[in-house]
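Engineer: Attaching a predicted model along with its sequence, questions to come.
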Amino acid sequence: HLATSLPLPSERDHLRPRIDLIVFMIDIKSKYSLKNVEASLAYVDASFFLGKVCFLVTGVGRVNYCSIDTNAICKLGEAYCSPVLFCELELEGIRVATAQRLLRMLQICAGLVPGVSALSFGLLMRKSDDD
């Protein structure tokens with residue numbers, strides 16, 4: 001399911017399926033995109049930041065057109081203890097690999113991978129402070 005921002009409308013709460021993973025998409029060419037994500041973060045329950053949120057940054061293949069500093073996005077990921085994935089959706093191979101990676105993350109967050117929890121996966125995805 002896709003939403004352009006949070007909070008989700010409440011009129012269909014009873015029909016909404018369980019939310020296992022939230023992927024915030026940030027278009028590196030649009031400052032509005034980052035501001036929209038930052039505003040939406042306030043509506044996410046704190047428990048989701050324990051392995052069930054990630055940031056997907058698109059448009060990284062066009063560094064000349066970037067409106068957002070990648071360090072700002074990385075700091076956002078660190079602040080919310082959530083992984084940041086960078087991709088270029090215009091390249092089919094990268095688009096397919098990113099979709100497969102997101103699908104695997106969703107399977108883990110939904111509890112469909114035995115022996116791996118969303119929390120432990122989230123910790124594996126985080127950059128070590130020793131790096």
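Structural biologist: Great, that's in hand.
Engineer: Which parts of this structure are strands?
Structural biologist: 22-27, 53-58, 84-87 (DSSP state E).
Engineer: Tell me where this structure has helices.
Structural biologist: In the chain, the segments counted as helices under DSSP state H are 31-41, 70-79, 92-109, 118-125.
Engineer: So which of these is nearest residue 12?
Structural biologist: Residue 12 lies closest to helix 31-41 among those, at 17.9 Å (Cβ to Cβ). Using the backbone N, CA and C atoms, a C-beta is placed for each residue, glycine as well.
Engineer: returning to what we had before: can I get the strands of the chain in JSON lines including distance to residue 6?
Structural biologist: Formatted as JSON lines, these follow (distance: least, Cβ to Cβ, whole Å):
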{"stretch": "strand 22-27", "distance to residue 6": "9"}
{"stretch": "strand 53-58", "distance to residue 6": "11"}
{"stretch": "strand 84-87", "distance to residue 6": "18"}
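Engineer: Would you mind giving those strands as JSON lines with mean neighbour count and distance to residue 105 added?
Structural biologist: Below are those laid out as JSON lines (neighbours: other Cβ atoms under 10 Å; distance: least, Cβ to Cβ, whole Å):
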{"stretch": "strand 22-27", "mean neighbour count": "19", "distance to residue 105": "8"}
{"stretch": "strand 53-58", "mean neighbour count": "21", "distance to residue 105": "7"}
{"stretch": "strand 84-87", "mean neighbour count": "19", "distance to residue 105": "9"}
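Engineer: will you turn those into TSV that also has mean pLDDT and distance to residue 36?
Structural biologist: Listed next are the strands of the chain as TSV, based on pLDDT from 0 to 100; distance: least, Cβ to Cβ, whole Å:
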stretch	mean pLDDT	distance to residue 36
strand 22-27	95	9
strand 53-58	94	12
strand 84-87	92	16
